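[1] Sequence and predicted model, in that order:
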Amino acid sequence: MAGGAPCAQQFQASLSNLTDEWLLTTRVDQIIGNNDRAFVHFRTDHGLQASFTDPLTPILNAQSQQPQYEGQFQENHTVGASAINQFILTGSWYSAIFAPPSLNAATALAPYQLSFAGGEFATPGGLFYPTWPQGRNVTQYQISDDYAWQKGNHSLKFGVSFRRNDITDYTPGGFDATIPVAIFNSLGSFFNGTADTFEQAFATRPTEPIALYSLGFYAQDEWAIRSNLKLTLSLRAEHNSDPVCQTDCFARLSNSFFDISHDPTQPYNQAIQTGLNQALPNYQSIAWEPRVGFAWQPLGAGSTVIRGGIGIFADVFPGTIATAFDTNSPLKNTFVASGLQLAPGLPGSAQTATTASNAAFLAGFNSGLNIGQIEAATGGALFSPPTFANAANSIHYPTYQEWNLEVQQPLGSKMSFSFNYVGNHGTYLALVNPAMNAYCNAAPVPYDPASASPCLGALGVSSFTGLPATPVDPRFSTVSEASNPGVSNYNGLTAEFTRRVSRSLQLKASYTWSHALDDISNGGFLPFNFDTNTSVLAPQDPYNLRAYNYGNADYDTRHQFNLTYVYNTPQLHGLWGVLADWTISGTVFARSGLPFTCH
């Protein structure tokens, strides 16, 4: 500002940014002889998603063209009078890449993200500007075959399914790799062209090809032991592949973080394994999932029905983990410079310094240097130990034990009442711990607020107990590690009432009381609610997950009431006939609110 007059007061803009979409779908059915029926279905969806609208220029807008193609072939073959085989082949491809309309034009206009501490100015291109481009192209195909056979009192089913995803991951090329970030702590720094903080990432490749698949088998026998008693026995075997990189682009530590050497004199290329094809070490190979259920009418047809079952179900460890390992050092390195000129290409500029640091780090890594030797080669001031993502030494499938018991009682010919208890217990649930290398400095003596560590409270007292005073491993800054120590529990009771008021009106009402608890909700990687972002996705105590994390799940809904109705209009004649043969239906529901976390 000049003479105390502000150089900016207020700017308002009223802009629009269009989103469009069109959809085409078609299906062809074919009867092939007496025993075979088949159909082919095709669907394509094309649209433009307006992801961000910049108030200054559309050049810095963000958008995503999202074409999608999918198809399905299904054939049903009848085998005699007691068996049928169903074969399904499906495939799809979609693209969801988020970037400005022209990335070259955007980076020519704004080669850096300009961010102003304190909010003096808005950030051109928005807070996500340095993440562009991001997204993925995904090809998926699936084959399944199911055979059902009625043999006396046994209804037998057998099946196999295979699903594969091939993903082009754009994460390596985004997140500061294309568009660096320049942060100004004051307007004076901006006026002088000096970035208080300048951050830039350097990626080996802009994209990486990732692939994963699932293969499952099952066998089931529904046995009618008596006319009023059925027993269902089934077994499923599930194999979920370890995510692979087709260019061997994964990097991780040689073991779990606390099981590696933390000697700072050890060369980086001995601590970090590179050129890995598989993402997870010692990934579980197969999950066996037995299940049993029954249905019993103690007094025969039309009487009380008692149903129940128990089984084991396995889930896939989130494939999102692959994007963490294809952006580790030395595949992708991030460097920070402070107090240097922003002008690109000039000697001594922030970008020149970070580029030189990246070159020195890569050369040092390849030649077997340790942190001290690399710091000396980069001048020390610019080198910052890399952040790193790792995985525990052994990864299991998230597994759930589920059970239920239901009693259904008819009340005359028009009403019924049921009471159903459902429960489950989850084990080996996914967790990413971002504080493996966390520490808390000792307070200065005497206490000086200007030099106190950020982890200290207002009086200079540590607000985190149990943390070391220095990093466990000085070769790294933030270290996150994926594992699956999480557990969950759910118990729910549902009372349901159904009444057919007349031939044309039916009502169904239900009330559910339930309680869901866990350590980390929603798979451990992404928040349950992106709008409020209240999900707790990390341990409150990095060394003790159970200490503070176990509690109400993000989606714990304690009370829920539902009412549905279906009304078929009566037969009418004459002019009133236009009102006949209509169906009117609806749903009314009410529930208690979701839990929230107050910080």
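    Perfect, I can see it now.
[2] Beta-bridge partners for V40, please?
    Here V40 shows beta-bridge partners V28, F73, assigned using DSSP bridges.
[3] next one: Y94
    With DSSP bridges as the criterion, Y94 is bridged to Q68, V138.
[4] from memory it sits against G135, does it?
    No - shown here, Y94 and G135 do not form a contact pair, counting by CB atoms under 8 Å, at 10.2 Å. From N, CA and C alone the C-beta is placed, and that goes for glycine too.
[5] ok, and for stretch 114-134, which residues are buried?
    114-116, 122-126, 128-134 (16 or more other CB atoms under 10 Å).
[6] quick one: contacts for Y550?
    For Y550, the residues meeting the contact criterion (CB atoms under 8 Å, 6 or more residues apart in numbering) are V487, L517, D518, D519.
[7] Tell me how far S227 lies from P124.
    Taking CB to CB, to the nearest Å as the measure, S227 and P124 are separated by 75 Å.
[8] let me redo that: F561
    49 Å.
[9] Can you tell me the SS state at the spatially most central residue of the chain?
    The residue lying closest to the centre of the chain (CA atoms, centre = their mean) is L526, at 4.6 Å. Taking DSSP: H, G, I helix; E, B strand; the rest coil as the rule, one finds L526 in the coil state.
[10] Distance of it relative to R37?
    Where R37 is concerned, L526 sits at a distance of 41 Å (CB to CB).
[11] now the strands: where do they sit in the stretch 401-550 of the chain?
    Under the criterion DSSP state E, counting those that start in this stretch, the stretch 401-550 of the chain contains strands at 415-433, 479-500, 505-518.
[12] Also the stretch 201-350 of the chain?
    Under the criterion DSSP E, counting those that start in this stretch, the stretch 201-350 of the chain contains strands at 208-226, 229-240, 244-245, 250-253, 272-276, 287-296, 305-314, 332-337, 340-341.
[13] can you put the ones you listed in JSON lines and add distance to T512 and mean pLDDT?
    JSON lines is the format used below for those (distance: least, CB to CB, whole Å; pLDDT from 0 to 100):
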{"stretch": "strand 208-226", "distance to T512": "28", "mean pLDDT": "96"}
{"stretch": "strand 229-240", "distance to T512": "24", "mean pLDDT": "96"}
{"stretch": "strand 244-245", "distance to T512": "42", "mean pLDDT": "94"}
{"stretch": "strand 250-253", "distance to T512": "43", "mean pLDDT": "94"}
{"stretch": "strand 272-276", "distance to T512": "46", "mean pLDDT": "94"}
{"stretch": "strand 287-296", "distance to T512": "21", "mean pLDDT": "96"}
{"stretch": "strand 305-314", "distance to T512": "17", "mean pLDDT": "96"}
{"stretch": "strand 332-337", "distance to T512": "47", "mean pLDDT": "85"}
{"stretch": "strand 340-341", "distance to T512": "60", "mean pLDDT": "86"}
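[14] With mean neighbour count as new columns, can those be given to me in TSV?
    Written out in TSV, the entries for those read as follows (neighbours: other CB atoms under 10 Å):
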stretch	mean neighbour count
strand 208-226	17
strand 229-240	17
strand 244-245	20
strand 250-253	24
strand 272-276	16
strand 287-296	16
strand 305-314	17
strand 332-337	23
strand 340-341	20
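[15] Looking at those, which is nearest to P595?
    strand 305-314 (24.9 Å; CB to CB).
[16] I'd like to know how many residues surround the residue nearest to S338 when sequence neighbours are not counted.
    Beyond its immediate neighbours in the sequence, the residue positioned closest to S338 (CB to CB, 6 or more residues apart in numbering) is T197, lying 5.7 Å away. When neighbours are counted by other CB atoms under 10 Å, T197 registers 17.
[17] Please verify my assumption that T197 contacts A182.
    Yes - the pair T197 / A182 is scored as a contact, 7.5 Å apart, by CB under 8 Å.
[18] where does the stretch 451-599 of the chain dip in pLDDT?
    Per-residue confidence of the stretch 451-599 of the chain (counting by pLDDT under 70) places the weak regions at 451-465, 530-533, 571-580, 596-599.
[19] Is it possible to get TSV of the strands of the stretch 201-350 of the chain that adds distance to A81?
    TSV is the format used below for these (distance: least, CB to CB, whole Å):
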stretch	distance to A81
strand 208-226	18
strand 229-240	21
strand 244-245	46
strand 250-253	54
strand 272-276	54
strand 287-296	25
strand 305-314	29
strand 332-337	62
strand 340-341	82
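[20] so which of these comes closest to T583?
    Proximity to T583, assessed across the strands of the stretch 201-350 of the chain by CB to CB, is greatest for strand 305-314 (27.9 Å).
[21] Which elements pack onto the closest one?
    Identification of packing neighbours for strand 305-314 by 3 or more CB pairs under 8 Å, 6 or more residues apart in numbering; DSSP states H and E yields strand 229-240, strand 287-296, strand 399-411.
[22] Next one, pLDDT for the closest residue in space to G193 that isn't next to it in sequence please.
    Closest residue to G193 apart from its sequence neighbours, by CB to CB, 6+ apart: L342 at 5.1 Å. Per-residue confidence at L342 stands at 86 (pLDDT).
[23] what residues are up against L342?
    Shown in contact with L342 (CB under 8 Å, 6+ apart): Y112, A182, G193, T194, A195, F198, S349, A350, Q351.
[24] which among those residues end up buried?
    Among these, those classed as buried by 16+ other CB under 10 Å are Y112, A182, T194, A195, F198, S349, A350, Q351.
[25] now these in TSV, with pLDDT, secondary structure and distance to V28?
    Shown next, in TSV, are the buried ones among the contacts of L342 (pLDDT from 0 to 100; DSSP: H, G, I helix; E, B strand; the rest coil; distance: CB to CB, whole Å):
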residue	pLDDT	secondary structure	distance to V28
Y112	87	coil	54
A182	87	strand	57
T194	88	strand	66
A195	87	strand	61
F198	88	strand	59
S349	86	coil	62
A350	87	helix	61
Q351	86	helix	57
